[in-house]
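> sequence first, predicted coordinates after that:
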Amino acid sequence: MLKKLKQIYQNIRHLNSSVDNYKDESIIQSLPSVAYVNKAIKLIKNKKYDEAQEILESALDISSQDSLVYKYLGKIAEYKKDFKKAVENYEISSKLNDQDKEIWLRLGMCRLYSNMLDEAIEAFTKADKIIPLNTDVYTGWGMVFMKQKKYALARDKFNYACKISKYNYTAILLSAVMEMRLQDYNSAEEKLNFLVKVAPNESSFYEYSRLKLIQNKFEEAEKYALKAININKLLLPAYFILGEVYSVKKDIVKLEQTFNSAVELGLDSDLLYFEWGKAYIRFIEFAKAREQFEKCLSKNFNNQDARIGLALINAYEGDFILLDDMAEKNMQNVYIQEGLGVKYLKEGKYDDAVEMLKKALKTDKNQISSYYALALVYMKKDDNYKVREYFDKLLERYPNYLSGLIEYTKWLINVSDFEEAQRKINRAEKLDKNNVEILNLLFLTQYTLVKKNICEYNIKEAISVADKASGSGRFDYGPQRQELEQILKDLQGKD
């Protein structure tokens, strides 16, 4: 968050200003240190910071009471991103001249960057008294509250900064970000829609795509994330939005292209691999998710999110050690909730399993593997109505989930609903035409339905499926095929 705040605020117009205003600021023009400071200012303007620093330190040998020497030492430290050193110099400067119109703003910002949040608020409060109605002061003030997670207070400061200057696009953007935090999406929409038109940069596009994702407007989320990446191809969070969009839309090709592109650009990190694993869980591709979570931990052994993801995957495999270890401190996490639901299922605690899996779906409605687990629970409870309900919900959200279609077909066969079983397995066969398990199930449904309604065409279709299954390596219903061949001969003999 701190890094992001630094990046967002780097273009505030007063950050690099005032190096030419020394003579107007100087309160003691006759000091011998004046010449040193003027020379340092020219070097600072040319970004020769080390030389300027050396000259200013020499000026301290002449006078240790010139506030401007410390002020420009602070600026040099700030330009070098040594914010703690900048704070030290700005504090000395402010004590020597507490009426400087810039020093308190700079001190507030550097305290913010140094995580000295209460002290930053003191600096911005002082700045507001010396230079009231300054849009940059209120923007920085809001950023402190933002860092403290006091989102309502932050929004108020940003909004006030916007009132002072309608051209403070940074404050407008950050106000919209706070409104998203506060779930005031209409107001955030208004601001971000304005920004992408008048200030179309990577930040406004990224935040607008994030809002669209929250609103489940996936096409628009994709559109603005791509715009952000087009401006800055190294903007890693935008790839995460695309990953989420493609996982919800069940477009695994685009998902893998997106994350592979990020890796090729050198953006591989523990965060990237966690998001990739998270996306695979949405495809119920647990083996692929495990691989990504393990890559994440190889980058950062302490990434707890990846460990929680592995706890869920292990639970589906009957291993609950990691789940038990992490559950108590992470009960609000959707993976822990689903993992506990799976554990209760395997322990025969079916009501507890239902409660926990439904809780997972409330936490994240896109956690569709919970639908699959619920269908399995209701199978154990012999609640056929609920089994259908949750398999149907699963396939509504993920129509091409092959394993779901196969398991649903098996259950439908088990409850003698062969017509629906055939519809489901036909869908599966279109997705994977040479899958031997699918071909065997397809033959079984066709065989059963043919026996109920003899039809030469349907018999030939069933036999052709049997031939294809045999050619794919395994066919489990030899006697039934022979029976159909005999029925076909009898029909043709009558002709």
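Thanks, I have it.
> please count neighbours and contacts with C-alpha atoms only from this point.
Noted.
> low-confidence regions, this protein specifically.
1-32, 494-495 (pLDDT under 70).
> I'd say residue 105 and residue 121 touch.
No. Assessed by CA atoms under 8 Å, residue 105 is found out of contact with residue 121, at 10.3 Å.
> so for these two, which residue has more residues nearby?
Higher neighbour count among residue 105 and residue 121: residue 105, with 28 against 21, using other CA atoms under 10 Å.
> list the contacts of that one.
With contact taken as CA atoms under 8 Å, 6 or more residues apart in numbering, residue 105 is in contact with 123, 124, 127, 136, 137, 140.
> neighbours of the fifth one, just the number please.
To tie it back to what came earlier, the one meant is residue 137. Using other CA under 10 Å, residue 137 has 27 other residues around it.
> so who does it touch?
Neighbours of residue 137 in contact, by CA under 8 Å, 6+ apart: 105, 124, 127, 128, 161.
> quickly find the element holding it.
Residue 137 belongs to helix 135-147 when assigned by DSSP states H and E.
> ditto for the first one
For residue 123, the enclosing helix or strand under DSSP H and E is helix 117-130.
> now for that helix, which elements pack on it?
On a contact count with 3 or more CA pairs under 8 Å, 6 or more residues apart in numbering; DSSP states H and E, helix 117-130 meets helix 103-113, helix 135-147.
> export those helices to JSON lines and tack on distance to residue 393?
Below are the helices and strands packed on helix 117-130 laid out as JSON lines (distance: least, CA to CA, whole Å):
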{"stretch": "helix 103-113", "distance to residue 393": "48"}
{"stretch": "helix 135-147", "distance to residue 393": "39"}
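> so which of those helices comes closest to residue 231?
helix 135-147 (24.7 Å; CA to CA).
> next helix or strand past that closest one?
helix 151-164.
> would you mind pulling the contact partners of the following helix or strand past that following helix?
Sequence-wise, the next helix or strand downstream of helix 151-164 (DSSP H and E) is helix 169-181. By CA under 8 Å, 6+ apart, the residues outside helix 169-181 that reach it are 8-9, 12, 139, 146, 151-152, 154-156, 158-159, 161-162, 185, 187-189, 191-192, 195, 199, 204, 207, 211.
> could you tell me the angle between the next helix or strand after helix 169-181 and helix 169-181?
Moving toward the C-terminus from helix 169-181, the next helix or strand (DSSP H and E) is helix 185-198. Computed by axes from the mean of the first three to the mean of the last three CA atoms, to 10 degrees, the angle separating helix 185-198 from helix 169-181 equals 150 degrees.
> chain center to helix 185-198, what's the gap?
Helix 185-198 sits 21 Å away from the centroid of its parent chain (CA atoms, centre = their mean, to the nearest Å).
> then stretch 49-60?
45 Å.
> cool, and stretch 473-483?
A distance of 49 Å separates the centroid of the chain from that of stretch 473-483, by CA atoms, centre = their mean.
> now it: buried residues?
Residues of stretch 473-483 classed as buried by neighbour count (16 or more other CA atoms under 10 Å): 475, 476, 477, 480, 481.
> which of the residues you listed sit farthest apart?
475 and 480 (10.8 Å).
> how about the helices in the stretch 351-495 of the chain?
369-380, 384-397, 402-414, 418-431, 436-452, 456-471, 478-494 (DSSP state H, counting those that start in this stretch).
> which residue sits closest to residue 305, ignoring its sequence neighbours?
residue 274 (7.3 Å; CA to CA, 6 or more residues apart in numbering).
> burial of that neighbour, as a residue count?
Residue 274 has 27 nearby residues by other CA under 10 Å.
> and residue 452, by the same measure?
Counted with other CA under 10 Å, residue 452 comes out at 9.
> before we move on, what about residue 60?
15.
> make 643 the starting number, not 1.
Okay, using 643 as the starting number, the last item reads as residue 702.
> any buried residues in the helix or strand hosting it, and which?
For residue 702, the host element (DSSP H and E) is helix 691-704. Using 16+ other CA under 10 Å as the test for burial, helix 691-704 gives 691, 694, 695, 697, 698, 699, 701.
> do stretch 1040-1057 as well
1040, 1042-1044, 1046-1055.
> rewinding a little: who touches the helix holding residue 765?
741-744, 746-747, 749-754, 776, 779-780, 782-783, 786, 789-790.
> which of the residues you listed are buried?
742, 744, 746-747, 749-754, 776, 779-780, 782-783, 786, 789.
> follow-up on the earlier one: just checking, the residue nearest to residue 947 touches residue 949?
No. Look at residue 916 against residue 949 with CA under 8 Å: they stay out of range, at 9.6 Å.
> tell me, what's touching those two both at once?
Taking CA under 8 Å, 6+ apart as the contact rule, residue 916 and residue 949 both touch residue 935.
> which other helices and strands does the stretch of helix or strand residue 948 belongs to contact?
For residue 948, the host element (DSSP H and E) is helix 946-958. The contact analysis (3+ CA pairs under 8 Å, 6+ apart) places helix 946-958 against helix 912-924, helix 928-941, helix 963-969, helix 976-988.
> I'd like the distance from the shortest one to the chain centre, please.
Distance of helix 963-969 from its chain centroid, counting by CA atoms, centre = their mean, is 24 Å.
> residues touching that helix, excluding its own?
949, 950, 952, 953, 954, 956, 957, 978, 981, 982.
> may I have that helix exported as CSV, CA atoms only?
Extracted C-alpha coordinates of helix 963-969, given in CSV (Å, rounded to 0.1, in the frame of the first residue of the first chain):
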residue,chain,number,x,y,z
ILE,A,963,-3.4,-31.7,8.8
LEU,A,964,-2.7,-28.3,7.2
LEU,A,965,-6.4,-27.4,7.3
ASP,A,966,-6.6,-28.1,11.1
ASP,A,967,-3.4,-26.1,11.6
MET,A,968,-4.8,-23.0,9.8
ALA,A,969,-8.5,-23.1,10.5
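> between the two ends of stretch 903-921, how far is it?
15 Å (CA to CA, to the nearest Å).
> with stretch 932-951 instead?
8 Å.
> buried ones in that stretch?
Quick answer for stretch 932-951 (16+ other CA under 10 Å): 932-939, 945, 947-951.
> nearest to residue 727, of those?
After measuring the buried residues of stretch 932-951 against residue 727 - CA to CA - the closest member comes out as residue 945, at 31.4 Å.
> just give the nearest non-adjacent residue to that closest one, would you?
residue 939 (6.2 Å).
> what sits against that neighbour?
Counting by CA under 8 Å, 6+ apart, residue 939 has contacts 912, 945, 948, 949.
> any idea how far residue 914 is from it?
11 Å.
> next one: residue 1131
Relative to residue 914, and taking CA to CA, residue 1131 is found at 61 Å.
> out of the two, which sits in the busier spot?
Legend: neighbour count by other CA under 10 Å for residue 1131 and residue 914, higher for residue 914 (23 against 13).
> so that one sits right up against residue 882, yeah?
Yes. Residue 914 is within contact range of residue 882, at 7.4 Å (criterion: CA under 8 Å).
> where does residue 989 fall, phi/psi-wise?
phi -90, psi 0 (degrees, to the nearest 10).
> tell me the spacing between it and residue 1099.
Taking CA to CA as the measure, residue 989 falls 48 Å from residue 1099.
> next one: residue 682
From residue 682 to residue 1099 the distance is 94 Å (CA to CA).
> grab the nearest non-local neighbour of residue 851.
residue 863 (4.2 Å).
> which residues sit against the one helix or strand that neighbour maps to?
In the assignment (DSSP H and E), residue 863 maps to helix 860-873. Here helix 860-873 makes contact (CA under 8 Å, 6+ apart) with 843-845, 847-848, 850-855, 877, 880-881, 883-884, 887, 891.
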